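# need the 3D shape of this:
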Amino acid sequence: MTNRWNRIRDSFWFLPAVLSGLAVVIAETLIAVDRTLGDADLGPFTFLVNRIGEAGSRDVLGSIAGSVLGVAATSFSITIAVLATASSTYGPRLVRNFMADRGNQFVLGVFAATFLYCLLVLRSIRETGGDYFVPHLAVNLAVLLAVASIGVLVYFINHIAASVQVHTLARRVRLDLVAAIDLLYPEELGSAPEEVGTGGHDVPHGLRIEGVTVPATRPGYVNRVADERLLDLARAHDLVLCLQVQPGSHLVAGQGVALAWPPDRVTDEVRDRIAACFATAESRTPHQDVDYAVLVLEEMAVRALSPSTNDPYTAINALDDLTVGLVRLVGRPLPSAHRYDDSGELRIVATRVVPVQLVDRVFDAMRWHATGHPSVLHRTLDLAGSVAAASVHADIGPRLVEHARRIVEAYERSSPQRCDLDELRRHAAELEAAVVGRTPVH
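I've put the predicted structure just below:
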């Protein structure tokens, strides 16, 4: 239920729907107030209400409604064209940033709410007993909403111009990456139950052999795993669960998502409840998926280095944001794969992405695609130096040295100028010396 609510809240239509509903409530409330007040004197507040009659009110409301709807359609049509260009250059996965942007949702909501409000107020203007009923308060608020819509339009133009810039796109992905790291790799594990018995000596021997496979109920990408619900289920039925997928894994219907042991306690109902803890969708999201956020920044860098784009500075920008995320990741201890309940009983066995896997993929991608751009290769080695200096994992440093050697070898085979090759070799040698603790990386 929580996952469904999060998807609804993050969807592009949710905030506009809320604002439209609010517009309906305000319109009906002001119309009711106007019916009650009629043409009564408002005392010192009379000057705030401009009474322009039946024909004038219809014209004003019609003009506002038509103009707002036209502006909304034109603005978002242009925006989609700009977004299509940006996504084709830097990656289609960045479209999610536009859809999830609260600023874009708010602008669409204001335009839709203003249009709907004007329609409802316009509908209330009618003839009763030979006289026309005109909700003057509601009409005046419509004028204020039109003025506010102009301000929102100016904001929207500035917001869209800023949101399609490279540094803004990369910053949003970087924030997603940092949030996922903080969630899955906490800075201080403290005395959390998952730290008890990290050696895994208490894992049942029959778990992977006799464990009952819990199949996926629908295909798609795993977006979220409800860890707490799984722990409660395992404790309630005295089970040990071994998770076979992670957020970001792709499933087909019937594929196993977990093993449950012992088998005699796993009923059909229990299997269905376990499977319901794995939420799937048509695309990946960065909420619990560190690998996906790294992938998006990596894709930005790779696309920027393509012959059609040839923009090494955008690649460098993406590498800088990757540095922030990877330094944060390798500086955190790897949580135990074993989750225990309050009584110290093993309940869940689940692994997270190992940092060295992400490091391997990023540096392999740069070696494959950046050999024609020495500036990007140097920034890649800078990334390696920062990650090596911050790492608390013993396998990261030697792995980075190996990647630096591979990068130099790949660059050498591209027939570069001797001076550029010498500079890259010197940089790689400094990195290797820093990793073994002899000299700092410049």
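
# every contact and neighbour count from this point should use C-alpha atoms.
Fine.

# select the longest helix from this structure.
With secondary structure taken from DSSP state H, the chain has its longest helix at helix 53-90.

# elements contacting that helix?
helix 102-124, helix 136-163, helix 290-304 (3 or more CA pairs under 8 Å, 6 or more residues apart in numbering; DSSP states H and E).

# who touches residue 145 in this structure?
By CA atoms under 8 Å, 6 or more residues apart in numbering, residue 145 lies in contact with residue 114.

# okay, it: pLDDT?
According to the model's per-residue confidence, residue 145 sits at a pLDDT of 94.

# quick check: phi and psi on residue 126?
Dihedral angles of residue 126 (phi, psi; degrees, to the nearest 10) stand at phi -150, psi 170.

# just the pLDDT at it, thanks.
Note on residue 126: pLDDT of 81.

# and what of residue 193?
pLDDT recorded at residue 193 is 43.

# make 38 the starting number, not 1.
Sure, I'll start counting at 38 from here, so that last one is residue 230.

# wait, is residue 261 part of a strand?
Yes - secondary structure of residue 261, determined by DSSP: H, G, I helix; E, B strand; the rest coil: located in a strand.

# ok, it touching residue 284?
Yes - checked against CA atoms under 8 Å, the pair residue 261 and residue 284 is within contact range at 5.7 Å.

# returning to what we had before: the longest helix of the chain: what's the following helix or strand?
Scanning forward in sequence from helix 90-127 by DSSP states H and E, the next helix or strand is helix 132-137.

# how far off centre is that next one?
Distance of helix 132-137 from its chain centroid, counting by CA atoms, centre = their mean, to the nearest Å, is 8 Å.

# which is the succeeding secondary structure element to the helix or strand harbouring residue 376?
Taking DSSP H and E as the criterion, the element that holds residue 376 is strand 375-377. Where DSSP H and E defines the elements, the next helix or strand beyond strand 375-377 is strand 383-386.

# returning to what we had before: compare residue 261 and residue 284 and say which one has the larger neighbour count.
Counted by other CA atoms under 10 Å, residue 261 and residue 284 do not tie: residue 284 has more neighbours, with 24 against 21.

# can I take it that that one is in a helix?
No - residue state for residue 284 (three-state DSSP) corresponds to coil; a helix is not indicated.

# and the residue lying closest to it once chain neighbours are set aside, what are its bridge partners?
In space, residue 284 comes closest to residue 259 once its chain neighbours are excluded; the distance is 4.8 Å by CA to CA, 6 or more residues apart in numbering. Under the criterion DSSP bridges, residue 259 forms beta bridges with residue 317.

# residues near the spatially closest residue to residue 258 that is not a sequence neighbour, how many?
Here the nearest residue to residue 258 in space, its sequence neighbours aside, is residue 287; by CA to CA, 6+ apart that works out to 4.4 Å. Using other CA under 10 Å, residue 287 is surrounded by 18 other residues.

# distance of residue 287 from residue 108?
From residue 287 over to residue 108 the distance is 41 Å, taken as CA to CA, to the nearest Å.

# go on, residue 339?
Between residue 339 and residue 108 the computed distance is 37 Å (CA to CA).

# okay, those two: which has more neighbours?
In this view residue 339 and residue 108 are compared by other CA under 10 Å, and residue 339 has more residues nearby, 25 against 15.

# pull the contacting residues for that one.
Neighbouring residues of residue 339 by CA under 8 Å, 6+ apart: 352, 402, 403, 406, 407.

# about what we covered before: the residue nearest to residue 258 against residue 260, yeah?
No - under the criterion of CA under 8 Å, residue 287 makes no contact with residue 260, lying 9.6 Å away.
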